[in-house]
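Trainee: Sequence and predicted structure, then a few things I'm wondering about:
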There are 4 protein chains.
Amino acid sequence: MLTINRLNQTEAKLIIDGAVKKANELAVPMCISVVDESGSLIAFERMDGGKIHSITISQDKAFTAASARKGTHEFNQACIPGHENNLFGIHTALGGRMCIVGGGLPITCDGKVVGGIGVSSGSPEQDLGCAQAGVDAFSRITAASVSLNVL
Amino acid sequence: MLTINRLNQTEAKLIIDGAVKKANELAVPMCISVVDESGSLIAFERMDGGKIHSITISQDKAFTAASARKGTHEFNQACIPGHENNLFGIHTALGGRMCIVGGGLPITCDGKVVGGIGVSSGSPEQDLGCAQAGVDAFSRITAASVSLNVL
Amino acid sequence: MLTINRLNQTEAKLIIDGAVKKANELAVPMCISVVDESGSLIAFERMDGGKIHSITISQDKAFTAASARKGTHEFNQACIPGHENNLFGIHTALGGRMCIVGGGLPITCDGKVVGGIGVSSGSPEQDLGCAQAGVDAFSRITAASVSLNVL
Amino acid sequence: MLTINRLNQTEAKLIIDGAVKKANELAVPMCISVVDESGSLIAFERMDGGKIHSITISQDKAFTAASARKGTHEFNQACIPGHENNLFGIHTALGGRMCIVGGGLPITCDGKVVGGIGVSSGSPEQDLGCAQAGVDAFSRITAASVSLNVL
């Protein structure tokens, strides 16, 4: 039997709040999705002014990152035609659901992927910055939790 | 130019919280979606234990209710084959996105649809009960707002 | 070689105008689609207040009526499970694009289908009434044209 | 509650007429779509001779431009593999509905996106020229309206 660790709703909201805080700093209203380790949506927020196409793209970024266990921006470079990794073409898989634009990150705990975050509505760099802020918010509580366990 | 009223993020969260409270009373973890008046997703929450297929179905219920401006349970009866309303078959439209199972309700303000809520993971009655609790939570703040304006 | 007669843009607009006039009488803002004999869209109008899901459904009704060369309401009865025509199930074909709800009518000229109209946002009866009004508007110009030819 | 401005049907037709006039000058029959600020179709015209694939592409261009709040031709350059903006791959999102070929423009009023226009059947330059003509037709009436308000 496999035992899987998976983000819960409380953690998902905290991750979104971390991304929202960064989006407010950037003054770019974002769509933010958090998925579990299977790529299934846990929580979503479209900030007032977030873009319509970003509803789906943020979900696809979170799905891709959680499933592939790496940032979507890493795919972007590897998908350049002729790149040594030969990943060109993966962006059309699953009806285009594999998203290779920056802004999706896996969320890990104890070295295992427990979910993913995807952010969309700004530039890839802005989206990635907000996704990272979401990951950082999660890292802080897990670190705090570890500290408590150590005490 | 048309002027449209649309739920904002704060209102969407409050609506979801109303539905979550009811779901907890029922002890049925739900997927809850809130869309705007055009059927586009604003906020989503999968309570811990919410079902995977309900991620999509809750969105489709919210979309259907906001767009059709009536509860999805009203479609359910009218779609029975041979029903005098002759709506049988609408449930396969839009690739099946038109959802005729109870649990989707429009959200109105001053007689206009400003969004929709869709709930899924329980029985249609349970889903509808939670959707109604979300609508009620919104009605309470708009009523409070009206009272303030009157003062 | 086949010679195909097909609605032109001027005729499509005239058909839509006929349907809009009826929709205004009914005080139900409609989505109205006109397709050619191959089911491909020629013209579309969403009256102010027309429903979002009706954008697609009106197109599907027009497509179904032009392609099947009969009204979508005729399918509705024939699709009742157990009906002698055994058409139950056709409504899920083409990803649900086959629409069996009333409101789609073929448009004919000299006994041949030259296009189709689909109307959605009201009840099936209201939708069908507006579609018929569109067909009637077209019939009046073809009758006028025939009269001119006779003179 | 958010308050949104959205193109109405009269404005959508005027925008299409502007694009049609330009298409006639170019002697290229076009498919022309106008969507609202959420990317939902308001009006569509396939000029006699417009291409079949352009029915969908014009809608996708209008959707993309309205949702992304920029011209589809701007995406085209930024999506070149290896481009510093790292947007390569966005063109396959939403099942390919994100259209990065020129011919889609947002339509703005008072600095806010109120809709979009998409044109297809010619070269990207011709499509963009017709889309711009549609935007210009809208700008003339809003400018006229502003003048009236000033008097």
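Mentor: The structure has been received and is ready for your questions.
Trainee: For A:Leu14, give me its contacts.
Mentor: Taking C-beta atoms under 8 Å, 6 or more residues apart in numbering or on different chains, we find A:Leu14 in contact with A:Ala137, A:Phe138, A:Ile141. Every C-beta, even on glycine, is put in place using the N, C-alpha and C of the backbone.
Trainee: whoops, I mixed them up, A:Arg140
Mentor: Contacts of A:Arg140 by C-beta under 8 Å, 6+ apart: none found.
Trainee: what's the distance between it and A:Met1?
Mentor: 32 Å (C-beta to C-beta, to the nearest Å).
Trainee: okay but A:Ile80 is in contact with D:Gly82, surely?
Mentor: Yes. Contact criterion C-beta atoms under 8 Å: A:Ile80 and D:Gly82 qualify, at 5.0 Å.
Trainee: who touches both of those two?
Mentor: Applying C-beta under 8 Å, 6+ apart, one finds that A:Ile80 and D:Gly82 are jointly contacted by D:Phe88.
Trainee: which one of those two has more residues nearby?
Mentor: Neighbours were counted for A:Ile80 and for D:Gly82 using other C-beta atoms under 10 Å in any protein chain shown; A:Ile80 has more, 18 against 13.
Trainee: show me what contacts that one?
Mentor: A:Phe88, D:Pro81, D:Gly82, D:Phe88.
Trainee: go on, A:Ile55?
Mentor: Contacts of A:Ile55 (C-beta under 8 Å, 6+ apart): A:Cys31, A:Phe44, A:Arg46, B:Ser40, B:Leu41.
Trainee: before we move on, back to that, just the contacts of A:Ile80: which are in strands?
Mentor: Within the contacts of A:Ile80, no residue falls in strands by DSSP state E.
Trainee: Most neighbours of all those residues, which one?
Mentor: When neighbours are taken as other C-beta under 10 Å, the top entry among the contacts of A:Ile80 is D:Phe88 (24 neighbours).
Trainee: From what I see, it and A:Cys79 are in contact.
Mentor: Yes. If you go by C-beta under 8 Å, D:Phe88 and A:Cys79 touch, sitting 6.8 Å apart.
Trainee: any residues in contact with both of those two?
Mentor: Residues touching both D:Phe88 and A:Cys79 (C-beta under 8 Å, 6+ apart) are A:His91, A:Ile100, D:Pro81.
Trainee: Check what pLDDT the second one gets.
Mentor: In other words, A:Ile100. At A:Ile100, the model reports a pLDDT of 95.
Trainee: Look up how far D:Asp48 lies from it.
Mentor: Distance of A:Ile100 to D:Asp48, computed by C-beta to C-beta: 40 Å.
Trainee: Tell me how far A:Pro124 lies from chain C.
Mentor: 30 Å (C-beta to the nearest C-beta, to the nearest Å).
Trainee: How about the secondary structure of the closest residue to A:Gln132 other than its chain neighbours?
Mentor: Nearest non-adjacent residue to A:Gln132, counting by C-beta to C-beta, 6 or more residues apart in numbering or on different chains: A:Leu105, 6.5 Å away. Under DSSP: H, G, I helix; E, B strand; the rest coil, A:Leu105 falls in the strand class.
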